[in-house]
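*Asks:* 3D, please:
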Amino acid sequence: MKVALIFGTRPEAIKMAPIYHELKNNKIEVKVIVTGQHKEMLYQVLDLFKIEPDYDLKIMKQGQELSELTSRLIEKLDKIIKIEKFDYILVQGDTTSAFTGALAGFYNKIPVGHIEAGLRTGNIYSPFPEEANRKLIGNISSVHFAPTNVNVENLLKEGYNKENILKVGNTVIDALYWIKENKTLDLEKIREKYNLKDKKYILITMHRRENWGLPMQNVLKGVRKYLEENKELYLVFPMHLNPLIREVINEELKGFERKILIEPLEYLEFIGVMDGSQYIMTDSGGIQEEAPSLGKPTLVLRDTTERPEAIEAGTAKLIGTSTEKTYQYMKLLEGKLYEEMSHANNPYGDGKTSIKIMKYLKNIK
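*Replies:* Model (predicted):
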C-alpha cells in the first residue's frame, strides 16, 4: 500500500507526524506532500519530528487570495497524484491544503481518509474558511477519523454511513505525549531562554481572520485592564507574522510594561511556554486540544467553537471577544474556577490515535 500525507500548515504537520512514523514503522509506504501554506513554521515542525518531504510545493506568495491558492494547489497536487498512483490519501483538519488534497484525490478516484473529522460550529462563515472546508472534505472522504463522540454524532446527523466513521481520538495528544516524554529538559531551557522561569504569566495567542481588527482590540483592552490591577502577572504574546495583527497588538499594549511580545514560536518552544503558563487565552483550535494535557485552563476568544468537548469537559470557556467578558473571565480565574478547569479530564484521547489509524489502513483489503 502507498499512502500520501498531504498538509501545509504547522498544526497539520504536528498532527500528521505521529501518523507518518506509525505508518513507516509498520512497513506502509508513505509519501509526504507539503504545500508550504505556512512556510517557516511548517519546516520547524518537520525538523523536530524528522520528516523529510517527498514533495514541497512552496505554494505561498504575498497577497494571494483563497481562490488563487486553491486553484494552484489543485493543479500541482493533481500532477503528483497521477505520477504516484496512491492507494490512499490522508488529509488532516480543515485548511485549504486539506481541502484541495481531498478534492484532488477525489478527482483521481483515490479514497480519502479525513483525520480530525466531524468538527462543526454550525456557522459556515465561522471560522472562515475552515468550517466550509471541513464539510466539503467530509462529502468526498471514504473514512472519517473522528476525535470524539461529539464529532461522531455530528457526522451521523449529516447522514454519513456509521461504518465509515471511526472514533480514534486526536493525534495532537500523541504528539504532545512524545514531547513530554522525550523533551522535558528542552522545555525547561526554553522558559529560561525567554526569561519566564520565575515569572507568573498568562499566555495569549490570536490570529484568526474573524478576529482581525476590532475583536482583537476589544480583547486586548480587557486583558490590559485586568493586568493593570494585578501587578504580579505578566502577559506573553507570540505574535503572528501578519502585519495587521501586529499593528493592533503594538497599539493596544503600548506603554504596558509587563508584556513579553515574542516572534512566532517553534512547536517545541510553544509547548515549553504553554507548560509554564498560569492559563491560556486563545482563538486557536489546536491549543484547545493541547491545553488539557498540560492542565491549563483555556479562555477561548471566539463566538463559536468546533471543539465543544473542551467546554463540556470544563477545561475551556468560550468567552467571545468583548472587553467586558474578557475582563470578567480573567477575574473568575482568580478563584475556584481555576482549580476546576485545571483538573478537568482531557476529552481528546489517550495518545494512541495514530496506532488506530495505522491498523485501519493495514486491514484494508
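*Asks:* In PDB, list the C-alpha atoms belonging to stretch 58-68.
*Replies:* Output of stretch 58-68 as PDB, limited to C-alpha atoms (Å, rounded to 0.1, in the frame of the first residue of the first chain):
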ATOM      1  CA  LYS A  58       6.200  26.100  -1.800                       C
ATOM      2  CA  ILE A  59       2.800  27.400  -2.700                       C
ATOM      3  CA  MET A  60       2.600  30.700  -0.800                       C
ATOM      4  CA  LYS A  61       3.200  34.100  -2.200                       C
ATOM      5  CA  GLN A  62       2.300  37.600  -0.900                       C
ATOM      6  CA  GLY A  63      -1.200  38.900  -1.300                       C
ATOM      7  CA  GLN A  64      -2.600  35.500  -2.500                       C
ATOM      8  CA  GLU A  65      -6.400  35.100  -2.400                       C
ATOM      9  CA  LEU A  66      -8.000  31.900  -1.300                       C
ATOM     10  CA  SER A  67      -9.300  31.300  -4.800                       C
ATOM     11  CA  GLU A  68      -5.800  31.500  -6.300                       C
END
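*Asks:* now the strands for this protein?
*Replies:* 2-7, 29-34, 55-56, 88-92, 112-115, 143-146, 165-167, 200-205, 233-238, 259-262, 279-282, 298-300, 316-318 (DSSP state E).
*Asks:* Please work out the angle formed by the directions of the second one and strand 88-92.
*Replies:* On the basis of axes from the mean of the first three to the mean of the last three CA atoms, to 10 degrees, strand 29-34 is oriented at 40 degrees to strand 88-92.
*Asks:* Kindly reformat the strands of the chain as TSV and extend each row with mean pLDDT and mean neighbour count.
*Replies:* For every residue, glycine as well, the C-beta is placed using N, CA and C. Formatted as TSV, the strands of the chain follow (pLDDT from 0 to 100; neighbours: other CB atoms under 10 Å):
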stretch	mean pLDDT	mean neighbour count
strand 2-7	98	24
strand 29-34	98	20
strand 55-56	96	17
strand 88-92	98	27
strand 112-115	98	26
strand 143-146	98	25
strand 165-167	98	18
strand 200-205	98	21
strand 233-238	97	20
strand 259-262	96	16
strand 279-282	97	24
strand 298-300	97	25
strand 316-318	96	21
